[in-house]
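S.K.: Build me a model:
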Amino acid sequence: MQDFKKLLVWQKAISLITVTYQIASTFPSDEKYILTSQIKRAVLSISNNIAEGCGRFTKNDFVHFLQMSLGSTNEVENCILVCRELGYLNDSSFQTLNEQNTEIRKMLIALIEKIRREK
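M.R.: Below is the predicted model:
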């Protein structure tokens, strides 16, 4: 077990949550229970799974939850692509979210690979 708050990838995921929530607050009100809710759940899932994985006792369990976080980055990417298509995101907001999400994805992949090599 380790302190998830010390992981840079978790800290970056928290930053992505903050930005996503700010941007999502500008979406049309009729999307409140659909796309807005979905992107918020997906972005929360990234940090939640990192935290949960850190509470597990084996490296295999930790990697499993990191992989769940990785899947959530794909879900976030899909959501922001849809939001851009629908005109809910301008180019600047899209780029901000996409860059942060991509950075987290790369960090998760590197961490998963590092843990697997240590086994």
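S.K.: Now do the helices in the protein.
M.R.: 8-24, 35-54, 59-85, 91-118 (DSSP state H).
S.K.: of all the ones you listed, which lies closest to Gln2?
M.R.: Ranking the helices of the chain by proximity to Gln2 (Cβ to Cβ) places helix 35-54 first, at 5.1 Å. Yep, even glycine has a C-beta here, placed from its N, CA and C like the rest.
S.K.: If you count neighbours, what's buried in that closest one?
M.R.: Under the neighbour-count criterion of 16 or more other Cβ atoms under 10 Å, helix 35-54 has 35-36, 38-40, 42-54 buried.
S.K.: how about the helices of the chain in a markdown table, adding mean pLDDT?
M.R.: A markdown table is the format used below for the helices of the chain (pLDDT from 0 to 100):
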| stretch | mean pLDDT |
| --- | --- |
| helix 8-24 | 98 |
| helix 35-54 | 97 |
| helix 59-85 | 97 |
| helix 91-118 | 97 |
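S.K.: I'd like these laid out as TSV, including distance to Gln2.
M.R.: Below are the helices of the chain laid out as TSV (distance: least, Cβ to Cβ, whole Å):
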stretch	distance to Gln2
helix 8-24	10
helix 35-54	5
helix 59-85	8
helix 91-118	11
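S.K.: ranking the ones you listed by burial, who's on top?
M.R.: Among the helices of the chain, the stretch with the highest mean neighbour count (mean count of other Cβ atoms under 10 Å) is helix 35-54, at a mean of 20.
S.K.: quick one, it and helix 59-85 angle?
M.R.: Counting by axes from the mean of the first three to the mean of the last three Cα atoms, to 10 degrees, helix 35-54 lies at 160 degrees to helix 59-85.
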